[in-house]
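S.K.: Have a look; sequence and predicted model below, questions after that.
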Amino acid sequence: MKNAGCLPPKRVLLWAGAFLLLMMVIGSFWDYPISRALYHQSNVLGLFFAAFGEYPAALGFSAAGAMLISARNREKRLRGVLQAIAGCMLLLFGAAMAAMLPTGYLDISLGLSAVIGLACTALVVLGLLRLCRDGDRGTVLRVAAVFLLVVFADILVVNLIKIPWGRPRMRLVAVDARACFMPWWQPGTALRDALVAAGVAAEEFKSFPSGHTANASALMLLCLLPKLSPKLEGKQTALFLVGFVWAVLVALSRIIMGAHYLTDTMAGFAVGLISLVTVCACFPKLK
């Protein structure tokens, strides 16, 4: 197999970054008017992506687990057993996450949500086990590490920012006269503390940045799959764009639902893109 890079060409990454920057600038001036025009909490698109938009993060954990199991050390038994145990734990964690996510947004039973989540997890795991069947063990382990680190970084960085930042969500501003629109660069901690003390849920002050969009952007990890199989060689850009488009749709849906403003979603998107590029740079053997 030709040693192609694990990421799409630099020009594609630059275009992606330029798009995010342009949207961030637009949102910095017109966040509130855009959200007012799109806000529609019962929108079917918004509800669907609210429920399933974060699936790439959940399935990313399961994918990392499947790769760890597939590439476990078969010569050193103890190491192989530990890798298999860690892989199973990641797989089960991702499956549980996928099983639970839709119940927070759709009026469906936990049983149906679990069936959907487990079915998607099974498809991902079976597909990856097939891809990794003839792959180099070291390469598979490195790809698994990238998947795990990117998803973990997305979740960690977003929560490190959004919890102390305290920006009120559009859906709160729309219904509560005590709340007001605040630009992304202005922390809303004072308003949050006052309204939470008055009984408003703290969750309504986690607008910036968008965790949904960051987790959705984990689908851009698809661009690493050509490192696992010669059949996918040269398809990094196409696979990257699949994940990019998914994240764009999730970003749009979060604005429609009033959960986030345009700048929130672009900041979350940027966290995902930067995490992907940074983590891949830490694995030079994948280049």
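M.R.: Here it is on my side, so go on. Numbers count the residues shown, from 1 in each chain.
S.K.: In this protein, what residue spans correspond to helices?
M.R.: 10-38, 44-52, 55-70, 77-100, 110-132, 137-165, 170-175, 189-197, 211-216, 236-256, 262-281 (DSSP state H).
S.K.: What are the contacting residues of stretch 253-262?
M.R.: Here stretch 253-262 makes contact (Cβ atoms under 8 Å, 6 or more residues apart in numbering) with 23-24, 26-27, 30-32, 34-35, 38-41, 43, 45-50, 53, 169-171, 174, 184, 207-210, 212-213, 251, 264-265, 268. The way it works is simple: take the backbone N, C-alpha and C, and place the C-beta from them, glycine included.
S.K.: coming back round to it: closest to residue 228 out of the helices of the chain?
M.R.: Of all the helices of the chain, it is helix 110-132 that lies closest to residue 228, at 4.5 Å by Cβ to Cβ.
S.K.: Can you name the residues in contact with the closest one?
M.R.: Under the criterion Cβ under 8 Å, 6+ apart, residues 55, 58-59, 62-63, 65-67, 69-71, 91, 94-103, 106, 140, 225, 228-229, 232 lie in contact with helix 110-132.
S.K.: by how many degrees do that helix and helix 137-165 diverge?
M.R.: 140 degrees (axes from the mean of the first three to the mean of the last three Cα atoms, to 10 degrees).
S.K.: Quick one: mean pLDDT for helix 110-132?
M.R.: Helix 110-132 shows a mean pLDDT of 94.
S.K.: Just the CA coordinates for it, please, in PDB.
M.R.: Provided in PDB are the C-alpha atoms of helix 110-132 (Å, rounded to 0.1, in the frame of the first residue of the first chain):
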ATOM      1  CA  LEU A 110     -35.100   3.200  26.100                       C
ATOM      2  CA  GLY A 111     -35.600  -0.200  24.500                       C
ATOM      3  CA  LEU A 112     -36.000   1.200  21.000                       C
ATOM      4  CA  SER A 113     -33.200   3.600  21.500                       C
ATOM      5  CA  ALA A 114     -30.900   0.800  22.700                       C
ATOM      6  CA  VAL A 115     -31.800  -1.300  19.600                       C
ATOM      7  CA  ILE A 116     -30.900   1.500  17.300                       C
ATOM      8  CA  GLY A 117     -27.700   2.200  19.200                       C
ATOM      9  CA  LEU A 118     -26.600  -1.400  19.400                       C
ATOM     10  CA  ALA A 119     -27.400  -2.000  15.700                       C
ATOM     11  CA  CYS A 120     -25.300   1.000  14.600                       C
ATOM     12  CA  THR A 121     -22.500  -0.100  17.000                       C
ATOM     13  CA  ALA A 122     -22.600  -3.700  15.600                       C
ATOM     14  CA  LEU A 123     -22.300  -2.400  12.000                       C
ATOM     15  CA  VAL A 124     -19.400  -0.200  12.900                       C
ATOM     16  CA  VAL A 125     -17.600  -2.900  14.800                       C
ATOM     17  CA  LEU A 126     -18.100  -5.600  12.100                       C
ATOM     18  CA  GLY A 127     -17.100  -3.200   9.400                       C
ATOM     19  CA  LEU A 128     -13.900  -2.300  11.200                       C
ATOM     20  CA  LEU A 129     -13.000  -5.900  12.100                       C
ATOM     21  CA  ARG A 130     -13.300  -6.600   8.400                       C
ATOM     22  CA  LEU A 131     -11.100  -3.600   7.400                       C
ATOM     23  CA  CYS A 132      -8.500  -4.500  10.000                       C
END
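S.K.: Now do the buried residues in it.
M.R.: Using 16 or more other Cβ atoms under 10 Å as the test for burial, helix 110-132 gives 113-114, 116-117, 120-121, 124-125, 128, 131-132.
S.K.: mind checking how far that helix is from the chain centre?
M.R.: 17 Å (Cα atoms, centre = their mean, to the nearest Å).
S.K.: Report the angle between that helix and helix 55-70.
M.R.: Going by the same axes, to 10 degrees, helix 110-132 makes 50 degrees with helix 55-70.
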